[in-house]
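**Q** Predicted model and sequence follow; I will ask about them next.
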Amino acid sequence: DTAVSQTPKYLVTQMGNDKSIKCEQNLGHDTMYWYKQDSKKFLKIMFSYNNKELIINETVPNRFSPKSPDKAHLNLHINSLELGDSAVYFCASRDLLLGYTFGSGTRLTVV
Amino acid sequence: GESVGLHLPTLSVQEGDNSIINCAYSNSASDYFIWYKQESGKGPQFIIDIRSNMDKRQGQRVTVLLNKTVKHLSLQIAATQPGDSAVYFCAENIKAAGNKLTFGGGTRVLVKP
C-alpha cells in the first residue's frame, strides 16, 4: 500500500483554469505538507497542516488554497492558473519519530 | 536569513569509490538535519538524519557529519553504486517554526561504471 499517495500524477491545463491536487496518507501521521519543486529542482514548503489545523503558510499567492477534511487528507486547490505555477508538487506527512514521508509528486504543466 | 545553501552541482564518481556531498546551512535554530535522495520521477526519499546535539551518525554505507561551528553538513556514501545515481538534498528542520523543513538546492550524483 502506498503510504502517501497523490492524484493526479500528471496534470496539463490551460492558463486561467482552476484545478485541484489530492493527497492521502495511510500512516496515521498528524502533520501533512505541500511542497513545490521548480524546474531547477529547488524544493520549497508551501503549507503545513497538523490535525486539520493550518500551521505553516509560506508566502504563497492566495490563488492556492489548501483544504484538510481530515488528518489523512490534504488537498491543494489552485485558482486562475498561471504559467509560473508549472512545477512538481509534493505532498508529505510527518511522524514525530520517523520523520517525513513524501508522495511521488504531481507534475503540473500550465499551457 | 534562513537558508540551506547548496546549488545544484554535479558530482561524478567512479563506481566503487566514496562520494562526499556537502551542504551549508545558516539557521542555528535547526533541531535536526536530514539527507534525502530523489530519483527521476519520484519524491524525496529519506536516507539518514542527525540531531543537532550530535556530530556524526552512521547508517548502511552512509555517514552524516555535522559541524555546528561552521554550520556545515556532509553526506558520505561508501562504495558508491550505480543505484546511488540521483539528486541528493540536505534539509533542516526547525521545530520552533512549526516543524518547518527547509531544503538546500540539491546535488546530482552520477555514478560511472
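**A** Received, thanks.

**Q** Only C-alpha atoms from now on, for both contacts and neighbour counts.
**A** Fine.

**Q** Contacts only, for B:N18.
**A** B:N18 sits next to B:76-80 when contact means C-alpha atoms under 8 Å, 6 or more residues apart in numbering or on different chains.

**Q** next one: phi and psi at it?
**A** Main-chain torsions, B:N18, degrees, to the nearest 10: phi -90, psi 150.

**Q** now it: how far from chain A?
**A** According to C-alpha to the nearest C-alpha, to the nearest Å, B:N18 and chain A sit 24 Å apart.

**Q** next one: B:S19
**A** 21 Å.

**Q** so that residue touches B:D84, yeah?
**A** No. Using C-alpha atoms under 8 Å, B:S19 makes no contact with B:D84, being 9.8 Å away.

**Q** Just send the contacts of B:N18 back as CSV, with neighbour count too.
**A** What follows is the contacts of B:N18, written out as CSV (neighbours: other C-alpha atoms under 10 Å in any protein chain shown):
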residue, neighbour count
B:Q76, 17
B:I77, 20
B:A78, 15
B:A79, 14
B:T80, 22
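
**Q** where does chain A come near chain B, residue by residue?
**A** Proximity of chain A to chain B, by C-alpha under 8 Å from any C-alpha of the partner chain, involves residues A:40-45, A:55-56, A:90, A:100-105.

**Q** try 6 Å
**A** Those residues of chain A that sit near chain B, judged by C-alpha under 6 Å from any C-alpha of the partner chain, are A:42, A:102-105.

**Q** after the one helix or strand B:I47 maps to comes which helix or strand?
**A** Using DSSP states H and E, B:I47 falls within strand B:45-51. Next along the chain after strand B:45-51, taking DSSP H and E as the criterion, comes strand B:56-58.

**Q** Mind listing the strands the following helix or strand past that following strand pairs with, and their directions?
**A** Next along the chain after strand B:56-58, taking DSSP H and E as the criterion, comes strand B:62-67. Using DSSP bridges, the strands paired with strand B:62-67 are strand B:56-58 (antiparallel), strand B:72-77 (antiparallel).

**Q** neighbouring contacts of the following helix or strand past the longest one?
**A** Right, strand B:72-77. Next in sequence after strand B:72-77, counting helices and strands by DSSP H and E, comes strand B:86-94. Residues from elsewhere that reach strand B:86-94 (C-alpha atoms under 6 Å, 6 or more residues apart in numbering or on different chains): B:30-39, B:99-104, B:106-109.

**Q** Alpha carbons of strand B:86-94, as CSV, please.
**A** Provided in CSV are the C-alpha atoms of strand B:86-94 (Å, rounded to 0.1, in the frame of the first residue of the first chain):
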residue,chain,number,x,y,z
ALA,B,86,20.2,10.6,-8.1
VAL,B,87,19.8,14.1,-6.8
TYR,B,88,20.7,14.5,-3.1
PHE,B,89,19.2,17.2,-0.8
CYS,B,90,20.1,18.3,2.6
ALA,B,91,17.3,19.7,4.7
GLU,B,92,17.0,21.3,8.1
ASN,B,93,14.0,21.0,10.4
ILE,B,94,13.1,23.9,12.7
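
**Q** That concludes my questions; thank you for your assistance.
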